[in-house]
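Trainee: I'll drop the sequence and a predicted model, then ask my questions.
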Amino acid sequence: MKVLLIIPAYNEEENILKTCNKIKEFSDELDFVVINDGSKDNTLKILEENNLNHINLINNLGIGGAVQTGYKYAYQNNYDIAIQFDGDGQHDVNYVPNICEPILNGQANIVIGTRYLDKKASKFQSTFMRRFGSKVISLFIKICTGKKITDPTSGFRAVDKKIIEEFARDYPTEYPEPESTACMLHKKYKVSEVPVSMNERQGGKSSIRFLKTADYMFKVCLTILIDSTRKH
Amino acid sequence: MSISLNVVLIIITLIYLFLVIRSIRKKNLQMSFSIFWLITGIMLILALLIPNLVENISSLLGFEVPANMVFCITIFVSFYLIFNLTVSLSKENKKNKELIQEISILKKRVEDVEKKLEDNK
């Protein structure tokens, strides 16, 4: 069973080495690939100096394009499971076995690491607005696909071989997580959720966040709605 | 419309047509786009050369003022053109994204192979 962690990184010079070292400490057999999405800081230098497995995108693509590069790499190298994993220390590598389990049992094609399932397990529940946005998006997915996804925006996901192929071929660029989940539900793939704990992302909050979240929420809902009218 | 204004407009349109044809010959413009600009130029010339053409058509279609018809057509055609542009821009973006991804993966593979060769030396 070949498992690959896909770690998109944009200006992550402070966290990327820590994240990779934690993965190495956790297991030697776990492969990872860092996708450097045209970082303007020393991320690339750190990756090269420490000999970390990475792909350096020759231009900035944004999160969707960067993650898809990882899926293409996973597809070309014949991986069985690919896991999306943030480079900023938000995700905990100890949950990797949990998140792979439903795939290994054949119960799911996609497993989402969910913040909201177990309140005690997760110290970080994110802001009110984000939680609210998540609820609205998950209600929308429920209406359009009939399946409840508690944490549709979670960036901690594991997918099996079939989905790696699907994502390598086609992956949304602008609102990748919720849109791709809804799209795979339409295609009748099985999606399940596993509770994980996430650490708080570093960096300050701004008042623009509120509007950004609302804007994101609106566009995601619209995208999912349009997607559901498409033939699959 | 006074004769002198008509003449000036015809000259401007001819210059425009000349520019279009020149960029087609230089292959700056794809044929499918250039046809659109050529037809636009020819229609402008016709409207300027044939007296009362615009007036007659607009009254036939029920426009109160000929200018309204001209504006109406211009806006619709512009919208259509801009829509097509955003469509082709999206297509190009996708192709561009795929190129960046494939080249970056290839570069990584080349580097990996080079490293292996060096280690074997």
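Mentor: Sure, I can see it.
Trainee: in which helix or strand does the residue positioned nearest the centre of chain B reside?
Mentor: Nearest to the centroid of the C-alpha atoms of chain B, with distances taken as CA atoms, centre = their mean, sits B:F33, at 5.0 Å. B:F33 is part of helix B:31-49, with elements assigned from DSSP states H and E.
Trainee: list the buried residues of that helix.
Mentor: For helix B:31-49, the neighbour count (16 or more other CB atoms under 10 Å in any protein chain shown) marks B:33-34, B:37-38, B:40-41, B:44-45, B:48 as buried. Every residue, glycine included, has its C-beta placed from N, CA and C.
Trainee: give the next helix or strand downstream of that helix.
Mentor: Helix B:31-49 is succeeded, C-terminally, by helix B:53-61 (DSSP H and E).
Trainee: looking at the chain, which helix or strand is least sure?
Mentor: In the absence of a named chain, chain A is used. Ranking every helix and strand in chain A by mean pLDDT, DSSP states H and E puts helix A:208-229 at the bottom, with a mean of 80.
Trainee: nope, chain B
Mentor: Lowest-scoring helix/strand for chain B, mean pLDDT, DSSP H and E: helix B:31-49, at a mean of 88.
Trainee: output the contacting helices and strands for that one.
Mentor: Packed against helix B:31-49, as judged by 3 or more CB pairs under 8 Å, 6 or more residues apart in numbering or on different chains; DSSP states H and E, are the following elements: helix B:3-25, helix B:53-61.
Trainee: residue 11: neighbour count?
Mentor: In the absence of a named chain, chain A is used. Using other CB atoms under 10 Å in any protein chain shown, A:N11 has 17 other residues around it.
Trainee: not quite, go with chain B.
Mentor: Counted with other CB under 10 Å, B:I11 comes out at 11.
Trainee: packing partners for the top helix by length along chain B?
Mentor: Taking DSSP state H as the criterion, chain B has its longest helix at helix B:66-120. Helix B:66-120 sits against strand A:54-56, helix A:62-76, helix B:53-61, with contacts defined as 3+ CB pairs under 8 Å, 6+ apart.
Trainee: any idea how far that helix is from the chain center?
Mentor: 17 Å (CA atoms, centre = their mean, to the nearest Å).
Trainee: repeat that for stretch A:96-111.
Mentor: 15 Å.
Trainee: ends of it, how far apart?
Mentor: 11 Å (CA to CA, to the nearest Å).
Trainee: enumerate every residue touching the nearest residue to A:N36 once chain neighbours are set aside.
Mentor: Nearest non-adjacent residue to A:N36, counting by CB to CB, 6 or more residues apart in numbering or on different chains: A:N56, 4.8 Å away. Residues counted as contacts of A:N56 (CB atoms under 8 Å, 6 or more residues apart in numbering or on different chains) are A:36, A:44, A:47, B:104, B:107-108.
Trainee: from A:V3, how far off is A:N56?
Mentor: According to CB to CB, to the nearest Å, A:N56 stands 23 Å off from A:V3.
Trainee: same check, this time on A:S180
Mentor: For A:S180, the distance to A:V3 - CB to CB - is 20 Å.
Trainee: and those two? which has more neighbours close in?
Mentor: Using other CB under 10 Å as the criterion, A:S180 and A:V3 rank with A:S180 on top: 24 against 21.
Trainee: leaving out the residues flanking it, which one is nearest to that one?
Mentor: According to CB to CB, 6+ apart, the nearest residue to A:S180 is A:P172 (5.6 Å).
Trainee: so what's the one you found up against?
Mentor: So A:P172 contacts A:64, A:179-180, A:183, A:223 (CB under 8 Å, 6+ apart).
Trainee: kindly report the same for B:G41.
Mentor: Contacts of B:G41 by CB under 8 Å, 6+ apart are B:13, B:16-17, B:20.
Trainee: and what of A:K147?
Mentor: A:141, A:185, A:191.
Trainee: let me know whether the first one touches A:A182 as I believe.
Mentor: Yes - judged on CB atoms under 8 Å, A:I141 makes contact with A:A182 at a distance of 5.2 Å.
Trainee: the two: which has the busier surroundings?
Mentor: Neighbour totals were compared for A:I141 and A:A182, and A:A182 leads with 27 against 24 (other CB under 10 Å).
Trainee: roughly how far does that one sit from chain B?
Mentor: According to CB to the nearest CB, to the nearest Å, A:A182 stands 20 Å off from chain B.
Trainee: what's the answer for A:C20, then?
Mentor: A:C20 is 16 Å from chain B, by CB to the nearest CB.
Trainee: could you tell me the angle between the least confident helix or strand of chain B and helix B:3-25?
Mentor: 170 degrees (axes from the mean of the first three to the mean of the last three CA atoms, to 10 degrees).
Trainee: how far is helix B:31-49 from where the chain is centred?
Mentor: From the chain centre to the centre of helix B:31-49 is a distance of 12 Å (CA atoms, centre = their mean).
Trainee: repeat for stretch A:169-179
Mentor: Centroid displacement of stretch A:169-179 relative to its chain, using CA atoms, centre = their mean, is 10 Å.
Trainee: and that stretch, what's buried?
Mentor: Quick answer for stretch A:169-179 (16+ other CB under 10 Å): A:171-173, A:175-179.
Trainee: what sits closest to the most centrally placed residue in chain A if chain neighbours are left out?
Mentor: Closest to where the C-alpha atoms of chain A average out (CA atoms, centre = their mean) is A:G155, at 2.7 Å. In this structure, A:G155 finds its nearest non-sequential neighbour in A:D86, 5.4 Å apart by CB to CB, 6+ apart.
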